[in-house]
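A.B. asks: return atomic coordinates for the entry below.
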Amino acid sequence: MNALNINNLTKKYSGFTLENISFSLPQGCILGLIGENGAGKSTTIRSILGSIKYDGDIEILGQHISAELKERIGVVLDEVGFPDKLNANDINRIMKNMFSNWDENRFNEYLGKFGLPKNKAFADFSKGMKMKLGIAVALSHNAELLILDEPTSGLDPLARDEIIDILNDFTRDETHSILISSHIVSDLEKLCDYIAFLHKGRLMLCEEKDTLLEQYVFINITEEQLAELDENAVKGKRSNKWSTEAIVDRNMIPQTFITKPVSIEDLFVFMAKEED
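C.D. replies: Residues are numbered from 1 along each chain as shown. The predicted structure follows:
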């Protein structure tokens, strides 16, 4: 079963359209949603959560969104929105009443692991502390699907690695899945099984990460050599007066070419520039 199925998702705003997006997240996997600011990542997530109206069809854990289903979803948005006067103890008491599966011991364990004070007002938390508290809440009510919008934003590299380790542990249970958006592509490359690229409201691709890293490579060639390649083989290029560096599908070029590996960030940047 897929944890998430999105079919023909479209959302129109003045000046922006999220256009006919379709992808799936297999159960037990982590899918990273990559895109520049304004690409449509947050619109996609808000559509999944039913917080905005949209055209298309979305199934979560085999169902359409409902109040009961939301108990099975852990959510951290880019702005963690607890009232300023509350502290972690207050939030614990509130969550006990909101979630039937709330695990107070687990919540307190995460507070300790993240170094979060129990009695300090939320207003006095740094951005990174606020994000850690949101993640602690999302992980403490036995959710089956985590939906995370920029969860490592504002965190230092050590804290980001800690979060990545915790999310990896979460999906050791094959019934657990994660959809995570981030502009820190290196984090997603460490973490994700699948990668989806959004650019200006359109889905450029969605594929297994390892397949992408195997399929696409860098080559350095002349413009004349580039012109001889199948145009479908070239996913992006960068030229100077001496040569052209291109990302290509290794299956569509002669085996005589010397290739270099790409990163997920390389692939996204080159593809996005090619589309512009």
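A.B. asks: which helix or strand contains the residue in the chain sticking out farthest from the centre?
C.D. replies: No residue in the chain has its C-alpha farther from the mean C-alpha position than Glu224, which lies at 38.1 Å (C-alpha atoms, centre = their mean). Using DSSP states H and E, Glu224 sits within helix 223-228.
A.B. asks: just checking, what packs against that helix?
C.D. replies: strand 234-239, strand 244-249 (3 or more C-beta pairs under 8 Å, 6 or more residues apart in numbering; DSSP states H and E). For the C-beta atoms, the positions are set from N, CA and C on the backbone; glycine is no exception.
A.B. asks: can I get the ones you listed in CSV with mean pLDDT?
C.D. replies: Output for these, formatted as CSV (pLDDT from 0 to 100):
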stretch, mean pLDDT
strand 234-239, 89
strand 244-249, 94
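A.B. asks: poorly predicted segments of this structure, please.
C.D. replies: Applying pLDDT under 70 to the chain picks out residues 276.
A.B. asks: domain ranges for it?
C.D. replies: Residue ranges of the domains in the chain are recorded as 2-208, 212-275, according to automatic domain parsing.
A.B. asks: and those, which is most packed in?
C.D. replies: Highest mean neighbour count of the domains of the chain: domain 2-208, a mean of 18 (counted as mean count of other C-beta atoms under 10 Å).
A.B. asks: that one: end-to-end distance?
C.D. replies: Domain 2-208 has an end-to-end distance of 14 Å (criterion: C-alpha to C-alpha, to the nearest Å).
A.B. asks: which one of the helices and strands packed on helix 223-228 lies nearest to Val262?
C.D. replies: Evaluated with C-beta to C-beta, the helices and strands packed on helix 223-228 place strand 244-249 nearest to Val262, the distance being 5.7 Å.
A.B. asks: strands paired with the closest one, and their directions?
C.D. replies: For strand 244-249, the paired strands and their directions (DSSP bridges) are strand 216-221 (antiparallel), strand 234-239 (antiparallel).
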